[in-house]
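K.L.:
take a look and give me a structure for this.
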Amino acid sequence: MRDFAQLLERLLFSPGRNTKIALLRAYFKARPDPERGFALAAIAGKLDFPGAKPATLRALAEARTDPELFALSYDFVGDLAETIALIWPNPASTAPPDLPEVISLLRTAKRDAIPALIGGWLDVSDASTRIALIKLIAGGLRVGASLRLAKLALAEMGGVDVNEIEEVWHSLEPPYTDFFGWLEGKGPRPDSAQKPVFRPVMLAHPIEDKDLEALDWSAHRAEWKWDGIRVQLVATTEQKRLYTRTADDISHVFPEILEAMRFSAVLDGELLVIRDGEVGTFSHLQQRLNRKTVSAAMLRDYPAAVRLYDILFDGEKDLRPLPFDERRTHLEAFFAREHPARMDLSPLITFDAHHELAALRAGAREAAIEGLMIKRADSPYLAGRPKGYWWKWKRDPLSLDAVLMYAQRGHGKRSSYYSDYTFGVWQGEELVPVGKAYSGYTDAELAFLDKWIRNHTIARFGPVREVEKQLVFEVGFDAAQLSSRHKSGIALRFPRILRLRPDKPAAEADRLETVRALVEDNSK
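P.N.:
Reported below is the predicted structural model:
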């Protein structure tokens, strides 16, 4: 654990991207199997220990220290791992376990034996190792090292293109012994053939005014940006899967889509609720998401379908190097040949000038569409967000003036700041919460807000502070939706802070009736 702990500590205190890549490369090259594989799995978020949760760690700390002191310390520090690591009694000598041992025992131990295991490890570890151990167990390392950085480090280590790693990544399982063997020239490249593996999706950049003026519009194609979730359909002759754009397997929640995948291809599309040819709202789709099982009533009331954008593979033929126009021709031919149920093609929009698209975009909200996609006709299908190929031209956000009600400490680099804000609008003489935002402000505004919150706190609830109802935000959001989780009965989709309004009295903030008027019509 010491080497893994040192890696995390160095990553946390090394702000430079290239420095982080160098640290990761050195660690992966120096450490043996399976340790380095488990470290990679931790960075990738691929480790889960059902018997060891944050509540277990908190109970351990409260048992070993004064619970009141722990609560005060956690409130001040704001990070569970750091709080426990610093407050835990220091050992007379240290002999921490190694990383593979920790993972093996957490996976095999009975649930009631896990607290004693963790306590024993903490008793023989220094503060740095304790932090690493707790972060490993709780999940979410938060050291500024993404899986993408780790893949770049591995590509440098193995002298391969990072896209080669992306191609095989989703067919791999921890601790990745064969994968490291390939990178070190000791074995073949992992084979993903005939496995329903996810391929990294191609993403778009938000379009800006300067882009609108600079684009050669005759060399671009336009289509609607539908308001669902981006999915990838992967079907081989043996297996099939439905993935989100972040590679989460949601096949079990949408069995009707899997049943319709009677082909061999990899397709890119938008998952929607479509009833009688009408596209439902995103709220409708949310009824089907994040569920372990789906009932017959859900299948009946919220039938899913996929509107297809692109084709990556037709059978075993890789179409990604082809330009967009050629892939579109292949997609249309595939659709005409297969006639897949619960699927249709996202139509291309004909236009002569971008002002015609601007007019269409202006009506996107009324049509329950998120905006437009602009794609270069000659663009290959590339992983990630390459510049100059695809653009997203989303509808303008809605906004309202809301009052800050509660503030919570952030995580990682923000753990010392109150950076997560709950805001509300007026219902009669009472403020009711409608959302939470933790983005949209500058570093200077964060410093101002943190100081203001500390000076205007009227109650504390662990890491959360209730503040005087004085400060107004202008909050941007994509849509308002009915929600039983909020006292107001409404929740905002993708809320973010547009600007602070210290000039505006809290009494002049928006009222709940105003927000209700913006709620999507979910009755259709």
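K.L.:
can you classify the spatially most central residue of the chain as helix, strand or coil?
P.N.:
In the chain, the C-alpha nearest the mean C-alpha coordinate belongs to residue 246, at 7.2 Å (CA atoms, centre = their mean). Using DSSP: H, G, I helix; E, B strand; the rest coil, the structure places residue 246 in coil.
K.L.:
OK, contacts around it?
P.N.:
By CB atoms under 8 Å, 6 or more residues apart in numbering, the contact set of residue 246 is empty. From N, CA and C alone the C-beta is placed, and that goes for glycine too.
K.L.:
thought residue 500 was touching residue 452?
P.N.:
No. Counting by CB atoms under 8 Å, residue 500 stays clear of residue 452, with 9.5 Å between them.
K.L.:
now do the shared contacts for the two.
P.N.:
With CB under 8 Å, 6+ apart, residue 500 and residue 452 have common neighbours residue 471.
K.L.:
quick check on the residue nearest to the centre of the chain: phi, psi?
P.N.:
phi -100, psi 20 (degrees, to the nearest 10).
K.L.:
quick one: it from residue 172, how far?
P.N.:
17 Å (CB to CB, to the nearest Å).
K.L.:
what do you get for residue 122?
P.N.:
31 Å.
K.L.:
give me the element the residue lying farthest from the centre of the chain is part of.
P.N.:
Distance to the chain centre peaks in the chain at residue 92, reaching 41.8 Å (criterion: CA atoms, centre = their mean). Applying DSSP states H and E as the criterion places residue 92 outside every helix and strand.
K.L.:
all helices for the stretch 1-150 of the chain, in order.
P.N.:
Using DSSP state H, counting those that start in this stretch, the helices of the stretch 1-150 of the chain run over residues 2-12, 17-30, 35-44, 54-64, 67-77, 80-87, 99-108, 114-123, 127-138, 147-158.
K.L.:
could I get those helices in CSV, plus columns for mean neighbour count?
P.N.:
Listed next are those as CSV, based on neighbours: other CB atoms under 10 Å:
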stretch, mean neighbour count
helix 2-12, 19
helix 17-30, 18
helix 35-44, 22
helix 54-64, 16
helix 67-77, 15
helix 80-87, 22
helix 99-108, 17
helix 114-123, 18
helix 127-138, 23
helix 147-158, 19
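K.L.:
with mean pLDDT and distance to residue 259 as extra columns, can I get those helices in JSON lines?
P.N.:
Listed next are the helices of the stretch 1-150 of the chain as JSON lines, based on pLDDT from 0 to 100; distance: least, CB to CB, whole Å:
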{"stretch": "helix 2-12", "mean pLDDT": "94", "distance to residue 259": "44"}
{"stretch": "helix 17-30", "mean pLDDT": "96", "distance to residue 259": "42"}
{"stretch": "helix 35-44", "mean pLDDT": "96", "distance to residue 259": "31"}
{"stretch": "helix 54-64", "mean pLDDT": "89", "distance to residue 259": "38"}
{"stretch": "helix 67-77", "mean pLDDT": "82", "distance to residue 259": "48"}
{"stretch": "helix 80-87", "mean pLDDT": "89", "distance to residue 259": "43"}
{"stretch": "helix 99-108", "mean pLDDT": "94", "distance to residue 259": "34"}
{"stretch": "helix 114-123", "mean pLDDT": "93", "distance to residue 259": "40"}
{"stretch": "helix 127-138", "mean pLDDT": "92", "distance to residue 259": "38"}
{"stretch": "helix 147-158", "mean pLDDT": "94", "distance to residue 259": "32"}
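K.L.:
would JSON lines of the ones you listed with distance to residue 410 be doable?
P.N.:
Listed next are the helices of the stretch 1-150 of the chain as JSON lines, based on distance: least, CB to CB, whole Å:
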{"stretch": "helix 2-12", "distance to residue 410": "15"}
{"stretch": "helix 17-30", "distance to residue 410": "20"}
{"stretch": "helix 35-44", "distance to residue 410": "21"}
{"stretch": "helix 54-64", "distance to residue 410": "16"}
{"stretch": "helix 67-77", "distance to residue 410": "12"}
{"stretch": "helix 80-87", "distance to residue 410": "13"}
{"stretch": "helix 99-108", "distance to residue 410": "27"}
{"stretch": "helix 114-123", "distance to residue 410": "25"}
{"stretch": "helix 127-138", "distance to residue 410": "16"}
{"stretch": "helix 147-158", "distance to residue 410": "21"}
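K.L.:
how about the strands in the stretch 251-400 of the chain?
P.N.:
265-275, 278-279, 304-314, 317-318, 343-345, 348-349, 369-376, 390-394, 398-409 (DSSP state E, counting those that start in this stretch).
K.L.:
tell me which of these sits nearest to residue 72.
P.N.:
Residue 72 lies closest to strand 398-409 among these, at 13.4 Å (CB to CB).
K.L.:
following the closest one, which helix or strand comes up?
P.N.:
Taking DSSP H and E, what comes next after strand 398-409 is strand 418-427.
K.L.:
now do the end-to-end distance for stretch 426-441.
P.N.:
23 Å (CA to CA, to the nearest Å).
K.L.:
same thing with stretch 217-233?
P.N.:
30 Å.
K.L.:
pull out the buried residues from it.
P.N.:
217, 220-233 (16 or more other CB atoms under 10 Å).
K.L.:
ok so, going back, from residue 170, how far out is the residue nearest to the centre of the chain?
P.N.:
The value you get for residue 246 to residue 170, if CB to CB is used, is 11 Å.
K.L.:
follow-up on the earlier one: save the strands of the stretch 251-400 of the chain as a markdown table, and put in mean neighbour count and distance to residue 510 too.
P.N.:
As requested, these are arranged in a markdown table below (neighbours: other CB atoms under 10 Å; distance: least, CB to CB, whole Å):
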| stretch | mean neighbour count | distance to residue 510 |
| --- | --- | --- |
| strand 265-275 | 22 | 29 |
| strand 278-279 | 16 | 29 |
| strand 304-314 | 22 | 34 |
| strand 317-318 | 13 | 51 |
| strand 343-345 | 17 | 39 |
| strand 348-349 | 14 | 35 |
| strand 369-376 | 21 | 24 |
| strand 390-394 | 20 | 23 |
| strand 398-409 | 22 | 4 |
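K.L.:
domain ranges for this structure?
P.N.:
The record assigns the chain these domain ranges, following automatic domain parsing: 2-138, 205-394, 398-516.
K.L.:
just give me the neighbour total for the nearest residue to residue 110 once chain neighbours are set aside.
P.N.:
Once flanking residues are discounted, residue 110 sits nearest to residue 51: 7.8 Å by CB to CB, 6 or more residues apart in numbering. Counted by other CB atoms under 10 Å, the residues lying close to residue 51 total 17.
K.L.:
OK, contacts around residue 51?
P.N.:
So residue 51 contacts 106, 109, 110, 111, 114 (CB under 8 Å, 6+ apart).
K.L.:
apply 10 Å and report the result again.
P.N.:
Residues in contact with residue 51 (CB atoms under 10 Å, 6 or more residues apart in numbering) are 106, 107, 109, 110, 111, 112, 113, 114, 115, 117, 118, 137.
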